[in-house]
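Asks: please find the sequence and the predicted model below.
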Amino acid sequence: MATVTLDRLTKKYPNGFVAVTELNIDIADGEFLVLVGPSGCGKSTALRMVAGLEEISDGELLIGSERMNDVEPKDRNIAMVFQSYALYPHLDVARNIGFPLKLAGVPKAEIEERVRTAARLLELEPLLGNKPAQLSGGQRQRVAMGRAIVRDPAVFLMDEPLSNLDAKLRVQMRAEITALQHRLGATTIYVTHDQVEAMTMGDRVAVLKDGLLQQVDRPTDLYERPDNLFVAGFIGAPSMNLRMARLSSGAGPDGAWQLQMGSQVLDLPGRVLDAKPALRAYDGADVVVGIRPEAFEDASVAGDDVRPSLSAEVSLSEALGSDLLLHFPLDAPSVEAGDPDALEGIEDRMVIARVHPRSTARPGSAIELSVDVDELHFFDPQTEAAIRS
């Protein structure tokens, strides 16, 4: 296996469109890195530059210590798994898996052995004589994985490999791919638009927007410490509630700080300011406050009369079994990540709270929702950067 270095990697097309701008990521030997972001953010273009399928306009690509900018794709010692599987319909599973070895002139006996090893690893042994048309979507994906594995490459590249599978099979396959990658210890770059897929699979996740790297971090750090509004709104399902608010010092009991969101107020204990000292510079100023659905709880269920709370009237409830999602209006302007000035109508975008399923709140009912103020996130409305220290 090998390290991969993307050093100011840039892709500019002849018409002037810049798909990727100075992408800097160091990928460790054996690491599973996920590139994630909305459609058109440049993640697949970045992967194709690593594969050699797109010319690099500027910057450098290193695999190991070797510069790869001008190296032909076949000589980069990488293997790519595509969204479409790209299996040969006239070849059986064994010959599909062994095809790249045949092209490379590997002896027949060695091809058979390596195909058997890959098939055993992927539980494909009973299917080696089957054609692709006789396989399920998950089995076809395993065959595509097997074709990559037999090459024993330095780097695996995967471009939305689960997009064509149904929801249940995607969950199963992402677990299988993650387990397989750990067993092989293979350096892997994986592209997806699905943030749940990214968070459950990657050792680290790189979030892209408009060709620019927003943050690269461990999944838990992306969730708990997003660097900006875009990452905050993109990571998490349901997404973080983002609202305009105003901070004021000395307005609460005993001189406590307060957060004014529309007509409602949350008292902020001193520990919140101690944990995020940069907030003190925003005394009397507007901020964007982020509240994850998980930071709410039905105060009557929690028996919580200590935490600050918001009063709400439930507009919609969604029972998920393990959780209950409550949608309610809040008369503070909502903010679209990436455009804090684009304030939506307060009736158009509900706040979502994830509460205990024992909550009896239903549409039309009034409820007190306690808020874990230690889990609030704050962002500068102009720069969109997180306000921390």
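Replies: Structure's in. What do you need?
Asks: could you give the separation of stretch 159-167 from the chain centroid?
Replies: Chain-centre distance of stretch 159-167: 15 Å, with C-alpha atoms, centre = their mean, to the nearest Å.
Asks: same question, stretch 210-218
Replies: Here stretch 210-218 is found 10 Å from its chain centre; the criterion is C-alpha atoms, centre = their mean.
Asks: next, the buried residues of that stretch.
Replies: Neighbour-count burial for stretch 210-218, counted by 16 or more other C-beta atoms under 10 Å, picks out 210-217. Backbone N, C-alpha and C define where each C-beta goes, glycine included.
Asks: nearest to K168, of those residues?
Replies: Minimum distance to K168 across the buried residues of stretch 210-218 is 29.2 Å, recorded for D217 (C-beta to C-beta).
Asks: surely that closest one touches V205?
Replies: Yes. If you go by C-beta atoms under 8 Å, D217 and V205 touch, sitting 6.8 Å apart.
Asks: how is the protein divided into domains?
Replies: 4-234, 241-379 (automatic domain parsing).
Asks: including distance to S389, could the ones you listed go into CSV?
Replies: Below are the domains of the chain laid out as CSV (distance: least, C-beta to C-beta, whole Å):
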stretch, distance to S389
domain 4-234, 11
domain 241-379, 6
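Asks: let's see which of the buried residues of stretch 210-218 end up in helices.
Replies: Nothing among the buried residues of stretch 210-218 maps onto helices, per DSSP state H.
Asks: got a list of what L279 touches?
Replies: Contact analysis of L279 by C-beta atoms under 8 Å, 6 or more residues apart in numbering lists 247, 257, 272-273, 287, 378, 387.
Asks: my bad, L6
Replies: 23-27, 46, 50, 59, 61.
Asks: can you pull the buried residues of the helix or strand containing it?
Replies: In the assignment (DSSP states H and E), L6 maps to strand 4-12. By 16+ other C-beta under 10 Å, the buried positions in strand 4-12 come out as 4-6, 9-12.
Asks: likewise stretch 105-119?
Replies: By 16+ other C-beta under 10 Å, the buried positions in stretch 105-119 come out as 111, 114-116, 118-119.
Asks: which one of those is nearest F328?
Replies: A118 (52.1 Å).
Asks: re earlier: please convert the buried residues of stretch 210-218 to TSV, extending it with distance to L157.
Replies: Output for these, formatted as TSV (distance: C-beta to C-beta, whole Å):
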residue	distance to L157
D210	22
G211	19
L212	21
L213	18
Q214	21
Q215	22
V216	17
D217	21
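Asks: can you pick the most crowded of the contacts of L279?
Replies: Among the contacts of L279, L247 has the most neighbours (other C-beta atoms under 10 Å), with 23 neighbours.
Asks: L325: how many residues sit nearby?
Replies: Neighbours of L325 (other C-beta under 10 Å): 15.
Asks: so which strand or helix has it?
Replies: Assigned by DSSP H and E, L325 falls in strand 324-328.
Asks: what comes up buried for the helix or strand just after that strand?
Replies: On the C-terminal side of strand 324-328, the closest following helix or strand by DSSP H and E is strand 334-336. By 16+ other C-beta under 10 Å, the buried positions in strand 334-336 come out as 334-335.
Asks: was I right about F82 contacting P161?
Replies: Yes. With contact defined as C-beta under 8 Å, F82 reaches P161; the gap is 7.1 Å.
Asks: show me whatever sits in contact with both of the two.
Replies: Residues touching both F82 and P161 (C-beta under 8 Å, 6+ apart) are A144.
Asks: so the two - more neighbours on which side?
Replies: Each of F82 and P161 has its neighbours counted (other C-beta under 10 Å); P161 has more, 26 against 14.
Asks: mind telling me what element the more buried one is part of?
Replies: Going by DSSP H and E, P161 is not in any helix or strand.
Asks: in terms of pLDDT, where does it sit?
Replies: With respect to pLDDT, P161 has a value of 90.
Asks: then L35?
Replies: If you check L35, the pLDDT there is 98.
Asks: so which strand or helix has it?
Replies: strand 32-36.
Asks: what angle do strand 4-12 and the helix or strand following that strand make with each other?
Replies: Proceeding N to C from strand 32-36, the next assigned helix or strand is helix 43-51, under DSSP H and E. Interaxial angle, helix 43-51 versus strand 4-12 (axes from the mean of the first three to the mean of the last three C-alpha atoms, to 10 degrees): 120 degrees.
Asks: and helix 43-51, what does it pack against?
Replies: Helices and strands touching helix 43-51, by 3 or more C-beta pairs under 8 Å, 6 or more residues apart in numbering; DSSP states H and E, are strand 4-12, strand 18-27, strand 32-36, strand 78-81, strand 155-159, strand 187-192.
Asks: at 10 Å what do you get?
Replies: In terms of contacts (3 or more C-beta pairs under 10 Å, 6 or more residues apart in numbering; DSSP states H and E), helix 43-51 is packed against strand 4-12, strand 18-27, strand 32-36, strand 58-63, strand 78-81, strand 155-159, strand 187-192, strand 204-209.
Asks: contacts for the host helix or strand of A118 next, please.
Replies: Applying DSSP H and E as the criterion places A118 in helix 108-121. Applying C-beta atoms under 10 Å, 6 or more residues apart in numbering, the contact partners of helix 108-121 are 93-102, 104, 106-107, 124-128, 142-143, 145-152, 180, 183-184.
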